[in-house]
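**Q** Got a sequence here, can you build the structure:
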Amino acid sequence: MELAQQKCTTYKAGSPPLTRKETIELLGQIPGWSLQNGHIARTFTLPDAATCIAFISEIAALATEEGHFPDLCMKESRFVEVSFYTYPAGGLTKNDFVMAAKLNGMGNNQ
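**A** As a prediction, the model looks like this:
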């Protein structure tokens, strides 16, 4: 099953993060994302601040539905930086990749 069709699972305390090998394998399934300081990250370019804010709202709604939240930053009224990292795990988990794939599938990403 493709990552974008999967649901985030509840993180079990003490579960280990993904291995480097698993991380690299999953990274290949989410075009546009890169590994940055142990997080997966992508910058979306949008036409204006209003579109950025609407996109951030869509991300927030999806994150609430899935129970897995990103770090977000809007810059220069045109860019939305999104990164995922599972802080309780101390690294990346499959949930981070599921969410990245779902964001790739959202209509207004660029």
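**Q** buried stuff in the helix or strand hosting Ala54?
**A** According to DSSP states H and E, Ala54 maps onto helix 49-66. Residues of helix 49-66 classed as buried: Thr51, Cys52, Phe55, Ile56, Ile59, Leu62, Ala63, Glu66 (neighbour count, 16 or more other Cβ atoms under 10 Å). No exception for glycine: its C-beta is placed from N, CA and C like everyone else's.
**Q** would TSV of those with distance to Ala41 and pLDDT be doable?
**A** Shown next, in TSV, are those (distance: Cβ to Cβ, whole Å; pLDDT from 0 to 100):
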residue	distance to Ala41	pLDDT
Thr51	20	95
Cys52	16	96
Phe55	16	96
Ile56	15	97
Ile59	13	97
Leu62	17	97
Ala63	15	97
Glu66	18	97
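**Q** possible to save those residues as JSON lines with distance to Ser77?
**A** Shown next, in JSON lines, are these (distance: Cβ to Cβ, whole Å):
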{"residue": "Thr51", "distance to Ser77": "9"}
{"residue": "Cys52", "distance to Ser77": "7"}
{"residue": "Phe55", "distance to Ser77": "12"}
{"residue": "Ile56", "distance to Ser77": "12"}
{"residue": "Ile59", "distance to Ser77": "17"}
{"residue": "Leu62", "distance to Ser77": "22"}
{"residue": "Ala63", "distance to Ser77": "22"}
{"residue": "Glu66", "distance to Ser77": "27"}
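**Q** which one among those residues gets closest to Thr19?
**A** For the buried residues of helix 49-66, the closest approach to Thr19 (Cβ to Cβ) belongs to Glu66, at 23.0 Å.
**Q** Going by distance to Asn95, which of the buried residues of helix 49-66 wins?
**A** Among these, and counting by Cβ to Cβ, the member closest to Asn95 is Glu66, at 7.6 Å.
**Q** check contacts around that closest one.
**A** Lys7, Cys8, Asn95, Val98, Met99, Lys102 (Cβ atoms under 8 Å, 6 or more residues apart in numbering).
**Q** So which of the residues you listed wins on neighbours?
**A** Met99 (25 neighbours; other Cβ atoms under 10 Å).
**Q** list the contacts for that one?
**A** Cys8, Leu62, Ala63, Glu66, His68, Pro70, Phe84.
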